[in-house]
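*Asks:* Sharing a model that was predicted from the sequence below.
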Amino acid sequence: MTLNHQEIELIDSFEQIAVDIYPTAKDGSKAVAQEIAALIKARQAANQKVVLGLATGSTPKYLYAELVRLHKEEGLSFKNVITFNLDEYYPIEPDALQSYNRFMKEQLFNHIDIQEGNYHIPDGTVPKEKVKEFAAEYEAKIEAAGGIDLQILGIGTNGHIGFNEPGSTLNSHTRLVTLDNSTRMANAFEFSNMSLVPRLAITMGLNTIFKAKRVVLLAWGSHKSKIVQRSVEGHSTDQVPASLLQQHPDCKFVIDEQAAEDLTRNKEPWLTGDCEWTPKLRRKAVTNLALKLNKPILMLTDRDYNENGLNDLIVQYGSAYELNIEEFNGLRDTITGWPGGKPGAQLPSHPERSEPLKKRVLIFSPHPDDDIISMGGTFIRLHEQGHDVHVGYQTSGNIAVTDEFVLRYIDFAVGFEDMFGIDRSKSSQVLADAKAFLGSKKPSQKDTPEIRAIKGLIRRGEAKATCRYVGIPEENIHYNNLPFYETGLIEKAPASQADIDITKDLIRQIKPHQIYCAGDLADPHGTHKVCLEIIFAALDQLKHEEWMKDCWVWLYKGAWQEWKINEIEMAVPMSPDQVRQKRLGIFIHQSQKDVVPFQGTDSREFWERAEDRNADTANLYDQLGLQKYAAMEAFVRYHFM
């Protein structure tokens, strides 16, 4: 949609930094890569160097991949490029798995023709008493190179840029800093447990960043949307370091649609210009207003709408009364105890079809516990209501099993064989080898193939037990073990056609009437996102097959998020007993209880997150004036045809 001049001015009245929004992170990354390529080529034509400031972490991965592609496929040379990285953990060896030195080489430098002496990364091995001297030299090198022409930044959920945490001042330079606990928790997925996350880092200061001639900040995903909004639309304050970029003369945020969700132009677009009042936008406006005013929908008045910038909506409908009823009824119709469709009932407004009475259902679970955690109540109900339910476990989930669990299970195997007079020589040797390896294992060292296989077996057993608990026959349990996941490391391989083919084969085998898959893109290590992209690719390649016309796809959220109330298209309620039943199903996954590696910034156990999230959804419906339930699981339909 093209914005007119007045709408641009209204948006500018909220946004204090230029913002470019792209459909996906890949689209935004490609645009920034083209800007970098154009700058490099312009300097090459003038026989000049170009100095880039580079960031690390998951945010710039697509950017670096596109720069590598431009080099390999389009001949972009980096021989005139000098780079300076923002930061590095301290202390850390340069070849450590989590080292930013290693990250930059693996993601970029090893794949382009940049000269080895032309890239600079803070040294995490400098003796502590010499860090100040090193930092001063780092600043001097930047100055000697002519200063940074283009600085790439990411943004932390607390607003940090580089490792400049809240409270960092504008006159700060390269230095040793203490990492905020929220930053350490956000980065904990890179380490096997929180205690191994460094507490210190070397980072460029805000003064150093502000000297860059141009700054481009990247942000992807809905988990960044709130801090993007605070940085772009809030007050410029050192408590949100990224907001200080409002004072930079040439700064731009490049974000995807999810990271833009909380910007006023998207959250309340009626405040920034004329709106096309689609059904989805009406639902958003009415539910937002009701929640903002803490009123049930049916209690909203003309005055409420007029005083909150929604007078155009009232003009279109004539009165709040008619609008309220329509939106109340629409929300009411999303609630159903029959996720597979209500048999024998012709309900045009029901979320699902009533026919066929018995549906073939395929639940995709990225990890071996997402099915029960994210949609356990619906999972159980689908089976109890007579549908032919299958589960496809997309990955082994082996990296999320602790080493202690491996020894526990091998020890059990040895004891089992001894108890029944079975030759235990092999299992005893496996146990001895495992103890020896794990006893000397370095932080985040790659497990042996045997240990990875055992960890996968543990999770497979728990998944099978969950299906047995629900009542799913063993032949309806499918283990995809997608290849992209099986690296043995937190860093996964890119998805390939092999992953898509495995997924296609399962879908084609079952020919489901319903597919459920995780639409959660906020898991800390990105597995859900990749799994979803694989399913979408498989559906796209299958969509022309005749039986696919009868297949509906429903997206659930994972352990980290829930759908917004205005997005929900099917809400499956649960009673207190059903909540308890789901909880017991989650408890089957004992390897994921109490202490879970890579669980992100949320310290709650998965069953606690699930119950709180489901209760919050039910409370929102209640707050809007609808039925009161103990909990609700929410879904959004994906249209792939």
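*Replies:* Looks like it arrived, so ask away.
*Asks:* Verify the contact between Asp20 and Ile255 for me.
*Replies:* Yes: between Asp20 and Ile255 there is a contact at 7.4 Å, judged by CB atoms under 8 Å. For the C-beta atoms, the positions are set from N, CA and C on the backbone; glycine is no exception.
*Asks:* Name the helix or strand for the residue lying closest to Gly558 once chain neighbours are set aside, please.
*Replies:* Nearest residue to Gly558, sequence neighbours excluded (CB to CB, 6 or more residues apart in numbering): Asp520, at 3.2 Å. Following DSSP states H and E, there is no helix or strand that holds Asp520.
*Asks:* List the residues that contact Asp520.
*Replies:* For Asp520, the contact set (CB atoms under 8 Å, 6 or more residues apart in numbering) comprises Ser374, His528, Tyr556, Lys557, Gly558, Ala559, Trp560, Gln561.
*Asks:* Low-confidence stretches in this protein?
*Replies:* 1-10, 192-193, 443-444, 521-525, 594-603 (pLDDT under 70).
*Asks:* Can you list the strands that the longest strand along it pairs with?
*Replies:* Counting by DSSP state E, the longest strand found in the chain is strand 631-638. Strand 631-638 has the following strand partners under DSSP bridges: strand 552-556 (antiparallel), strand 570-574 (antiparallel).
*Asks:* Select, out of those strands, the one closest to Arg283.
*Replies:* strand 570-574 (13.3 Å; CB to CB).
*Asks:* got the buried residues for that closest one?
*Replies:* Met570, Ala571, Val572, Pro573, Met574 (16 or more other CB atoms under 10 Å).
*Asks:* same check, this time on stretch 191-202
*Replies:* In stretch 191-202, counting by 16+ other CB under 10 Å, buried: Phe191, Ser192, Val197, Pro198, Leu200, Ala201, Ile202.
*Asks:* Confirm the last one sits in a strand?
*Replies:* Yes: checked against DSSP: H, G, I helix; E, B strand; the rest coil, Ile202 lies within a strand.
*Asks:* Just to check, it is in contact with Thr125?
*Replies:* No: with contact defined as CB under 8 Å, Ile202 does not count as touching Thr125 (10.5 Å).
*Asks:* quick one: which of Asp20 and Ile255 has more around it?
*Replies:* Ile255 (26 against 13; other CB atoms under 10 Å).
*Asks:* Just give the nearest non-adjacent residue to the more buried one, would you?
*Replies:* Closest to Ile255 by CB to CB, 6+ apart is Ala219, at 4.6 Å.
*Asks:* Can you tell me how far the one you found is from Gln34?
*Replies:* 18 Å (CB to CB, to the nearest Å).
*Asks:* Which one of these two is surrounded by more residues?
*Replies:* Legend: neighbour count by other CB under 10 Å for Ala219 and Gln34, higher for Ala219 (27 against 13).
*Asks:* separation between that one and Gln258?
*Replies:* Applying CB to CB to Ala219 and Gln258 gives a distance of 9 Å.
*Asks:* Now for these two: what residues contact both?
*Replies:* Counting by CB under 8 Å, 6+ apart, nothing touches both Ala219 and Gln258.
*Asks:* Can you classify the residue in the chain sticking out farthest from the centre by secondary structure?
*Replies:* Taking CA atoms, centre = their mean, the residue of the chain most remote from its mean C-alpha position is Gly421, at 49.1 Å. With three-state DSSP as the basis, Gly421 sits in coil.
*Asks:* what number of residues lie near the residue nearest to Lys280 when sequence neighbours are not counted?
*Replies:* Nearest residue to Lys280 in three dimensions, chain neighbours excluded: Asn566, at 7.2 Å (CB to CB, 6+ apart). Neighbour count of Asn566, defined by other CB under 10 Å: 18.
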